[in-house]
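Asks: The amino acid sequence is not available; the structure is as follows:
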C-alpha cells in the first residue's frame, strides 16, 4: 500500500525531533531510524534516507562552525579516502544482510545509543580544551578508524557523529571547538558519499527525502537556539525517553 500523507508528516516530525537532539549532542539517528521502522519503512530504506537527510543538517552545522575554526587538513587527507572506501564496503554489506536482520541491527544500535545517553546523564562530558599533542604515529590509526567509520556509515550510521568526534579528539587532541569543526567536515563527506552510494543501490525514497531534508535542516537551526536556553540534563532525559519509547514499540512488534 502506498504511504499516505500521515506517514510523511510523521516521518518529517521524527526527522525534526531526531536532528534537533542530534545537532546538540549527536545521535539523531537513534530517534529517526527506529521511528521510520515503526512507520513501516523497510529497514534498508530507513537507514539510507536517514543518512542522506542527515547530510544536510550536518552541512549547515559545518558551514556555521567552519567560519570560526580551521579544519585539520591532515585529518581530511588521511581519513577522507579511507572513509569513502569504507562506505562502499558498508553499502555492499548492507545489501547482503537480510532485511529482518537490518531491523534488529538498528534496534541494537539504538539500545547502545540509549545507554550512551544515560551514561552522560550521570557523567556529563567535559567542556573546554581536550589539550595535549596529537597521538604519535597517528596516520595508521587514523586510516583504520576512518575505514571502520566508513563501513559503519554504509551499514547504519546511527550515532556516527559521536564516533567522529571521539576519534578526532583521540587522534589530534585539539580544543573541543576545533575537534567539532573537523569532525563535522568529515561527517559531511561521509554522509554525502553514503547518500550517493545509497542512491546508486536504489535505496533512496524521493518522497521521503522531500519531507525529511527540510525537517533536518530546520532542526539544526532550532537545536542551535535551544541549546543555550534549556539545561543539557533536561534535554538528555527527553532524548532518552523518546528513544526508550521507540525501542519498546519496535521490540514489542518483533516479539
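Replies: Great, that's in hand. What you are looking at is a predicted structure, and each value in this text was computed from that prediction instead of being measured. Numbers count the residues shown, from 1 in each chain.

Asks: Pull up the gap between the nearest residue in space to residue 186 that is not next to it in sequence and residue 4, please.
Replies: Of all residues not flanking residue 186 in the chain, residue 164 sits nearest, at 5.4 Å (CB to CB, 6 or more residues apart in numbering). Every C-beta, even on glycine, is put in place using the N, C-alpha and C of the backbone. Distance from residue 164 to residue 4, counting by CB to CB, to the nearest Å: 36 Å.

Asks: neighbour count winner among the two?
Replies: residue 164 (28 against 8; other CB atoms under 10 Å).

Asks: mind showing which ranges of this protein have poor pLDDT?
Replies: Scanning the chain for pLDDT under 70 picks out 1, 24-25, 64-70, 124-135, 174-178, 224, 227-228, 232, 253-255.

Asks: Helices along that one, start to end?
Replies: 5-25, 29-38, 43-65, 73-96, 99-122, 139-155, 160-172, 176-200, 206-226, 232-254 (DSSP state H).

Asks: Okay, buried residues for the longest one please.
Replies: Taking 16 or more other CB atoms under 10 Å as the neighbour-count basis, helix 176-200 is seen to contain the buried residues 176, 178-198.

Asks: Does anything pack onto it? Which helices or strands?
Replies: helix 43-65, helix 73-96, helix 139-155, helix 160-172 (3 or more CB pairs under 8 Å, 6 or more residues apart in numbering; DSSP states H and E).

Asks: can you give me how far the longest one is from the chain middle?
Replies: Average the C-alpha atoms of helix 73-96, do the same for its chain, and the two points are 15 Å apart (CA atoms, centre = their mean, to the nearest Å).

Asks: Mind giving me the packing neighbours of that helix?
Replies: Contact here means 3+ CB pairs under 8 Å, 6+ apart; on that basis helix 73-96 packs against helix 43-65, helix 139-155, helix 160-172, helix 176-200.

Asks: May I see the ones you listed organised as JSON lines, with distance to residue 106 added?
Replies: Output for these, formatted as JSON lines (distance: least, CB to CB, whole Å):
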{"stretch": "helix 43-65", "distance to residue 106": "6"}
{"stretch": "helix 139-155", "distance to residue 106": "10"}
{"stretch": "helix 160-172", "distance to residue 106": "13"}
{"stretch": "helix 176-200", "distance to residue 106": "15"}
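
Asks: Among those helices, which comes closest to residue 122?
Replies: Taking CB to CB, helix 160-172 is the member of these nearest to residue 122, at 16.9 Å.

Asks: and the closest one, which residues are buried?
Replies: So, applying 16+ other CB under 10 Å, buried residues of helix 160-172: 160, 161, 162, 163, 164, 165, 167, 168, 169, 170, 171, 172.

Asks: nearest to residue 226, of those residues?
Replies: Checking these against residue 226 by CB to CB gives residue 161 as the nearest, at 18.0 Å.

Asks: list the contacts for residue 237?
Replies: Residues near residue 237 by CB atoms under 8 Å, 6 or more residues apart in numbering: residue 121.

Asks: Kindly report the same for residue 151.
Replies: Contacts for residue 151 (CB under 8 Å, 6+ apart) come out as 86, 87, 89, 90, 93.

Asks: Would you check that the last one makes contact with residue 155?
Replies: Yes: taking CB atoms under 8 Å as the definition, residue 93 is a contact partner of residue 155 at 5.7 Å.

Asks: Comparing these two, which shows the higher neighbour count?
Replies: Neighbour count, other CB under 10 Å: between residue 93 and residue 155, residue 155 has more, with 25 against 12.

Asks: do you know how far the nearest residue in space to residue 60 that is not next to it in sequence is from residue 59?
Replies: Nearest residue to residue 60, sequence neighbours excluded (CB to CB, 6+ apart): residue 220, at 4.7 Å. Distance from residue 220 to residue 59, counting by CB to CB: 9 Å.
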